[in-house]
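Colleague: Turn this into a model:
(one chain, ligands or ions: 1)
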Amino acid sequence: MIQSVRFQVIGTQTMHCDGCANAVQRALSRLPGIHQVSADYRTQRIDVRLEPAKTDIRTVQDKLEMVGYDTEVVAPARQA
Ligand SMILES: [Cu+2]
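Modeller: Below is the predicted model of the structure:
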């Protein structure tokens with residue numbers, strides 16, 4: 001059975017400009033299993049489509065914290 005791609009929303013308080021949003025998108029899109037990243041500093045939201053067979057939300061959060069952004073999962077995984 002093919003693993004579906006999941007959609008997760010991550011909240012942060014530490015993206016302050018488009019540069020931050022771009023840095024978040026660059027950092028996350030390099031991770032294996034990440035299909036799409038959309039970060040918006042105005043809403044402090046990071047939308048991520050990930051492949052559960054290759055990665056998980058904890059890995060994504062660890063990466064964000066490594067590059068300097070706090071994280072909080074604000075929406076549970078659901079089918080995309
Ligand atoms: Cu910034």
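Colleague: what's the model's confidence in stretch 49-57, averaged?
Modeller: Averaging pLDDT along stretch 49-57 yields 93.
Colleague: Pull out the buried positions in that stretch.
Modeller: Of the residues in stretch 49-57, 50-51, 55-57 count as buried by neighbour count, 16 or more other C-beta atoms under 10 Å. Backbone N, C-alpha and C define where each C-beta goes, glycine included.
Colleague: Now secondary structure too, for these, in CSV please.
Modeller: Formatted as CSV, the entries for the buried residues of stretch 49-57 read as follows, by DSSP: H, G, I helix; E, B strand; the rest coil:
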residue, secondary structure
Leu50, strand
Glu51, coil
Thr55, coil
Asp56, coil
Ile57, helix
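Colleague: Those: which two are farthest apart?
Modeller: Largest separation among the buried residues of stretch 49-57 by C-beta to C-beta: Glu51 and Ile57, giving 11.9 Å.
Colleague: quick one on the thing from earlier: need the buried residues of stretch 49-57 in CSV with distance to the ion, can you?
Modeller: Conversion of the buried residues of stretch 49-57 to CSV gives the following (distance: C-beta to the ion, whole Å):
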residue, distance to the ion
Leu50, 24
Glu51, 28
Thr55, 25
Asp56, 27
Ile57, 23
